[in-house]
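In: Next input, structure requested:
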Amino acid sequence: MIALIASDLIMRWRVWLGVLAVTVTSGFVGAHAAGLLETGTFHGGAVQEGLASTSSAVIMFTAITALIVLSSTANLTISLQLRDYALWQLVGVRPALVAVVVLTQLGIIGIIGALVGWLLALPVFPTLFVWVFREWPEMQGVSLHLGIGSGLLVVAAVALTVVLGGLRSARRASRTPAIEALRDAEPPRIRMGWFRIILTVCALGGTTALATTLDGDASMSAFSGQAILLTPLIAAALAAAGPIVFPLVLRGWTSLLPTTVSATWFLARNSARYRLSRSSAAIGPLMVAIALAGGLYTTGATLAAAEAARSGSDAGFDLAPEGVVILLGGPLLLSGVAAAATVFMSGHTREREFALIQAVGSTRGAIVLTAIWEAVAYAVTASMLGVAATAVGGLVIAGKLSLPGPVIAFPMIGLIAGGGLALLLAATVLPTVTALRTEIPRTLAVE
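Out: Prediction:
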């Protein structure tokens, strides 16, 4: 079994490289949150009080993002290899052993990735801490702590999340009849399993409870501490319900553009619709990134408008760069890496498709343009959902503050969406160009 685990990881390195990149990023981001907690606990007093509020928000934003991206990446990793697992069963590997091997591989990648991310965070954490808290008098000269104990907790959390995220797909891989899996050239469509249903209900319940308990008559500091969590919870609910929400939105807006506009658009639209496993894995992280950034800036701008209406001054509601970095830097980095990695890791599965398209007369330029349109479809869908989450959260906050409407931060939303599109284009186009360099007969000759 050990030989099978190791050889498969090496042979399918491109697929596993995607989940490795996501786990490394998760370990890196999680280590910074752990460092804040450990440093505050060690010093206590004013240092702990100051770091407690910051670390809780960082952990909240990071946990939501990590849970979404790690689960979707793990599921996609397994789905892309269903044919291989079917072949294992045909040569005598028991179905139960298939699931054990897959989950073991996920655990190994999770441990290695999180450990590497934690090691990368060790030299970065002191510099980031000094820069972020340079204006806090009580943080000057404090000793920083990011020890082995915190590192082990981060590694265990990342590895456990990856394994749990891929549990359902591993069971499906082991239970799918070998012949049926071999006939299915594409990853199966994602469904609302019990785990996603529970997550959706919890996220909706948390969103409803928070929206109900928000008190617009409370002090702005107390109100803002709760208000910044509203949009992330809405985004978490949308991501958990992704198997239902993502296809509806994707099919809805792409149907508005006629297929007669361009043959490449026709191919891209149908490809994005058909491969919902990959589409959802790319849309979810970018949607969360847009909602987190847009929600934070929209909440700040709406609070500033409410304060200006009350006192005539909006001073004190500007978002300092260091505050944005510590709150959103990790989740945005994690979302960007996950969105790009999921597209990159599944690119090799389409080499045969590209060869078939060329064989019937299509040009390489048309195939590259199709890949570009597909990346645009992912980005637009994620942007629409991110804007929706931001707008709903902003409307609730504005209503609690007796404002006619929220001040939606469209520039920040556009910045994050543009950055996400650039990453998706790189992750989509580069593998496509590489695949087109392979000779058509060689690609079509290998099933």
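In: and the nearest residue to residue 268 once chain neighbours are set aside, what helix or strand is that in?
Out: Once flanking residues are discounted, residue 268 sits nearest to residue 373: 3.5 Å by CB to CB, 6 or more residues apart in numbering. (Each C-beta comes from the backbone N, C-alpha and C, glycine too.) Element membership for residue 373, per DSSP states H and E: helix 364-400.
In: angle of the following helix or strand past that helix against helix 364-400?
Out: The helix or strand immediately downstream of helix 364-400 is helix 410-436, counting by DSSP H and E. Angle of helix 410-436 versus helix 364-400, following axes from the mean of the first three to the mean of the last three CA atoms, to 10 degrees, is 160 degrees.
In: Spell out which helix or strand contains residue 344, please.
Out: Residue 344 belongs to helix 321-345, assigned by DSSP H and E.
In: how far is the helix or strand following that helix from where the chain is centred?
Out: Using DSSP H and E, the helix or strand that follows helix 321-345 in sequence is helix 351-359. Between the centre of helix 351-359 and the centre of its chain there are 30 Å (CA atoms, centre = their mean, to the nearest Å).
In: circling back to that earlier point, packing partners of the helix holding residue 344?
Out: Packing partners of helix 321-345 (3 or more CB pairs under 8 Å, 6 or more residues apart in numbering; DSSP states H and E): helix 13-43, helix 45-79, helix 95-132, helix 276-311, helix 364-400, helix 410-436.
In: residue contacts, the spatially most central residue of the chain?
Out: In the chain, the residue lying closest to the centroid (CA atoms, centre = their mean) is residue 285, at 2.7 Å. Applying CB atoms under 8 Å, 6 or more residues apart in numbering, one finds that residue 285 lies in contact with 65, 68, 69, 72, 334, 335, 336, 338, 339, 342.
In: do residue 226 as well
Out: So residue 226 contacts 210, 213, 214 (CB under 8 Å, 6+ apart).
In: And the last one, how far from residue 73?
Out: With distances defined as CB to CB, to the nearest Å, the gap from residue 214 to residue 73 amounts to 33 Å.
In: And for the second one?
Out: Residue 213 sits at a distance of 34 Å from residue 73 (criterion: CB to CB).
In: Okay, now the unreliable bits of the stretch 201-350 of the chain?
Out: Low-confidence segments of the stretch 201-350 of the chain, defined by pLDDT under 70: 277, 313-317, 346-350.
In: in the helix holding residue 373, what's buried?
Out: The neighbour-count check on helix 364-400 (16 or more other CB atoms under 10 Å) flags 367-398, 400 as buried.
In: just stretch 414-422 next, same as before
Out: Under the neighbour-count criterion of 16+ other CB under 10 Å, stretch 414-422 has 416, 417, 419, 420, 421 buried.
In: Apart from its chain neighbours, what residue comes closest to the third one?
Out: Meaning residue 419. Residue 419 sits nearest to residue 336 (CB to CB, 6+ apart), 6.8 Å away.
In: tally of neighbours for that neighbour?
Out: Close neighbours of residue 336, defined as other CB atoms under 10 Å, add up to 21.
In: hang on, it packs against residue 421?
Out: No - using CB atoms under 8 Å, residue 336 is not in contact with residue 421; the gap is 10.8 Å.
In: got any ranges where the stretch 51-200 of the chain has weak pLDDT?
Out: Applying pLDDT under 70 to the stretch 51-200 of the chain flags residues 177-191.
In: what's near enough to touch the residue lying closest to residue 166 once chain neighbours are set aside?
Out: Nearest non-adjacent residue to residue 166, counting by CB to CB, 6+ apart: residue 74, 3.5 Å away. Neighbour list for residue 74: 19, 106, 162, 163, 165, 166, 169 [criterion: CB under 8 Å, 6+ apart].
In: Near the last one, how many other residues are there?
Out: For residue 169, the tally of surrounding residues (other CB under 10 Å) stands at 27.
In: Can you name the residues that contact it?
Out: Here residue 169 is in contact with 74, 75, 78, 79, 102 (criterion: CB under 8 Å, 6+ apart).
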